[in-house]
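J.: Take this sequence and fold it.
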Amino acid sequence: MKASSAPSPTSSATASNAGKFALRSANLLVTSHPKRSSRYEIQDIEPELDEDGREPSPYRASVQSLIVIPSATAPLPDLPRGKQVLALYPQTTTFYKAELVGMRKDHCRLRFEGEDEKDKEQDVERRYVLDVAGAAK
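T.: Below is the predicted model of the structure:
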């Protein structure tokens, strides 16, 4: 679920070793993976209920459309300033395109694409900043 001030989401997908996924930029949990299938059944972490108060049907995604979110203890390389990335927008469960402005220890300083304030910069934990080819402009 995105915050009202968040920019428009990208159409990327993301996954983690702990069963958390992002599909169409929303964090999801794996609810099933049939042994004879390459598709996962996944559910939004914070689903928006329909008008009857029910959760939406699970999504289905192939393993090829998922990207690993590194664990909290995984060693991660530094990224160059100006790099285009996908990153978890602060206080949301949604990934957006962003430009890396700087790094310090385990956080990245980012400028998110589509922000209302052109030069607004935000800090994001490094493991939620994904170096993926689809983030290129």
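
J.: Quick check: what element follows the longest strand anywhere in the chain along the chain?
T.: If you go by DSSP state E, the chain has its longest strand at strand 95-104. Using DSSP states H and E, the helix or strand that follows strand 95-104 in sequence is strand 107-112.

J.: circling back: alpha carbons of the longest strand of the chain, as PDB, please.
T.: Coordinates of each C-alpha in strand 95-104 appear next as PDB, following Å, rounded to 0.1, in the frame of the first residue of the first chain:
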ATOM      1  CA  PHE A  95       9.200  -0.100  -5.000                       C
ATOM      2  CA  TYR A  96       9.800   2.900  -7.200                       C
ATOM      3  CA  LYS A  97      12.400   4.100  -9.700                       C
ATOM      4  CA  ALA A  98      15.000   6.300  -8.000                       C
ATOM      5  CA  GLU A  99      18.400   7.900  -8.600                       C
ATOM      6  CA  LEU A 100      21.200   7.200  -6.100                       C
ATOM      7  CA  VAL A 101      22.400  10.500  -4.700                       C
ATOM      8  CA  GLY A 102      24.800   9.100  -2.100                       C
ATOM      9  CA  MET A 103      25.600   6.200   0.300                       C
ATOM     10  CA  ARG A 104      26.600   6.000   3.900                       C
END
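
J.: Pairing partners for that strand, with directions?
T.: For strand 95-104, the paired strands and their directions (DSSP bridges) read strand 84-88 (antiparallel), strand 107-112 (antiparallel).
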